[in-house]
Every structure is written in structure tokens, then in C-alpha cells.
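**Student:** take a look and give me a structure for this.
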Amino acid sequence: MIALAFFALGLLEWIRTNPKPPGEAVKFWVLFSVLGCWSVLASAFTWWPQPNQLTHLLLGWLE
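**Tutor:** Now for the predicted structure:
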């Protein structure tokens, strides 16, 4: 539920900004959709990695 709230806030913030060129708008919607789906899946499934877990998996060797 929290993921959907942040998804909606991000959408409202994007609408309030100045219009972007078509290429940037497409990139934004792709990124926005991927991150929104990732957040929903991470909230719904316990086996789906949270963003901080993914960062730790990718960069854990730096410790």
C-alpha cells in the first residue's frame, strides 16, 4: 500500500513539472513503471529483494 502511495505521489509530481520532450517522457514512463512494479513486487512477496537488499547483494563486496 505504501508503494502505491509513493507511486501516486511521483506521478502527481511529474504532472506538475514542465512538459518534457517526447523522448524524455518515454524514458521517464519506462523507468517509472519499472520502479513502480519493483516496489509493488517487493511489498507483496517476501522472497522478492527489497532495494537495500539488492544494493547489498550487488555492492556487498565493498565492505
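**Student:** C-alpha from now on. contacts and neighbour counts both.
**Tutor:** Fine.
**Student:** low-confidence stretches in this structure?
**Tutor:** Applying pLDDT under 70 to the chain flags residues 1, 18, 20, 62-63.
**Student:** could you pick out the longest helix of it?
**Tutor:** Looking across the chain with DSSP state H, the single longest helix is helix 22-44.
**Student:** which other residues reach the host helix or strand of L57?
**Tutor:** Assigned by DSSP states H and E, L57 belongs to helix 51-59. Applying CA atoms under 8 Å, 6 or more residues apart in numbering, helix 51-59 turns out to have no external contacts.
**Student:** ok, back up a step: counting by contacts, list what the longest helix of the chain packs against.
**Tutor:** Applying 3 or more CA pairs under 8 Å, 6 or more residues apart in numbering; DSSP states H and E, one finds that helix 22-44 contacts helix 2-16.
**Student:** coming back round to it: quick check: buried residues in the longest helix of the chain?
**Tutor:** 36, 38-43 (16 or more other CA atoms under 10 Å).
**Student:** now swap in stretch 10-18 and tell me
**Tutor:** Of the residues in stretch 10-18, none is buried (16+ other CA under 10 Å).
**Student:** please save the CA atoms from the helix holding L57 in CSV.
**Tutor:** The C-alpha trace of helix 51-59 is given here as CSV (Å, rounded to 0.1, in the frame of the first residue of the first chain):
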residue,chain,number,x,y,z
PRO,A,51,16.1,-2.2,-2.9
ASN,A,52,18.5,-2.1,0.0
GLN,A,53,18.9,-5.9,-0.1
LEU,A,54,19.7,-5.6,-3.8
THR,A,55,22.3,-2.9,-3.2
HIS,A,56,23.9,-5.1,-0.6
LEU,A,57,23.9,-8.1,-3.0
LEU,A,58,25.5,-6.0,-5.7
LEU,A,59,27.9,-4.0,-3.7
